[in-house]
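Peer 1: Just need the structure, nothing else, for what follows:
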Amino acid sequence: MKIISSPRRKSYSPTHANRGAGLERLVDMANMQYRNKGVADIRKVPTPVQISNNNKGKVTGYTTKGEWVDYVGIYAGHSIIFDAKEANLTTNFPLKNIHDHQFDLLESWHEKGARAFLLVSFTKKQYSKWTGSMRKAKTHMTQKAT
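Peer 2: Next up, the predicted model:
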């Protein structure tokens, strides 16, 4: 069964559609290790999909607006709930990237004793390559910072 996007919905570029996929893979791998070691059980909440047509095994559908965050589980006897976000920036995270329903859900769980938070990854690379000596590198970095 293959799910393709509906022509009635806005199309996104492949990079837009896969944003956050790298961070989610890392979080999923970490959560699997926690589960295997018996430390925690944290699961990814599936993205809801609305099926619009099924024609001879060819399924057409689109993602619907979710009412949940990305992950929920239990750790050290406490409920844990969080959303994973990626920012293509180096120093800040625009709060407009948090939907009202996500904030409300995180706040509600936190008020009831859960560990609720945002996990933010800053993906824009900011580094310089240096092939000289360490002394020259220190001078280079100091000059670059000013």
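Peer 1: show me the biggest strand of this protein in terms of residues.
Peer 2: With secondary structure taken from DSSP state E, the chain has its longest strand at strand 78-87.
Peer 1: In it, which of the residues would be classed as buried?
Peer 2: The neighbour-count check on strand 78-87 (16 or more other C-beta atoms under 10 Å) flags Ile80, Ile81, Phe82, Asp83, Ala84, Lys85, Glu86, Ala87 as buried. C-betas here are computed from N, CA, C, even on glycine.
Peer 1: Just checking: what are the partner strands of that strand?
Peer 2: Applying DSSP bridges, strand 78-87 is found paired with strand 71-75 (antiparallel), strand 115-122 (parallel).
Peer 1: nearest to Asn54, of those?
Peer 2: strand 71-75 (29.8 Å; C-beta to C-beta).
Peer 1: Find the centremost residue of the chain, please.
Peer 2: Centroid-nearest residue in the chain, with C-alpha atoms, centre = their mean: Ala84, separated by 3.2 Å.
Peer 1: mind listing what that residue touches?
Peer 2: By C-beta atoms under 8 Å, 6 or more residues apart in numbering, the residues touching Ala84 are Gly20, Leu23, Glu24, Val27, Asp70, Tyr71, Leu118, Leu119, Val120, Ser121.
Peer 1: if I pick Leu23, what's in contact with it?
Peer 2: Counted by C-beta under 8 Å, 6+ apart, Leu23 has contacts Ala84, Lys85, Glu86, Leu119, Ser121, Thr123.
Peer 1: State the distance from the fifth one to Val59.
Peer 2: It stands for Ser121. For Ser121, the distance to Val59 (C-beta to C-beta, to the nearest Å) stands at 32 Å.
Peer 1: still on that earlier bit, the contacts of Leu23 into JSON lines, with extra columns for pLDDT?
Peer 2: JSON lines is the format used below for these (pLDDT from 0 to 100):
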{"residue": "Ala84", "pLDDT": "91"}
{"residue": "Lys85", "pLDDT": "88"}
{"residue": "Glu86", "pLDDT": "84"}
{"residue": "Leu119", "pLDDT": "90"}
{"residue": "Ser121", "pLDDT": "86"}
{"residue": "Thr123", "pLDDT": "75"}
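Peer 1: Asp41 belongs to a strand, doesn't it?
Peer 2: Yes: assessed with DSSP: H, G, I helix; E, B strand; the rest coil, Asp41 lies in a strand.
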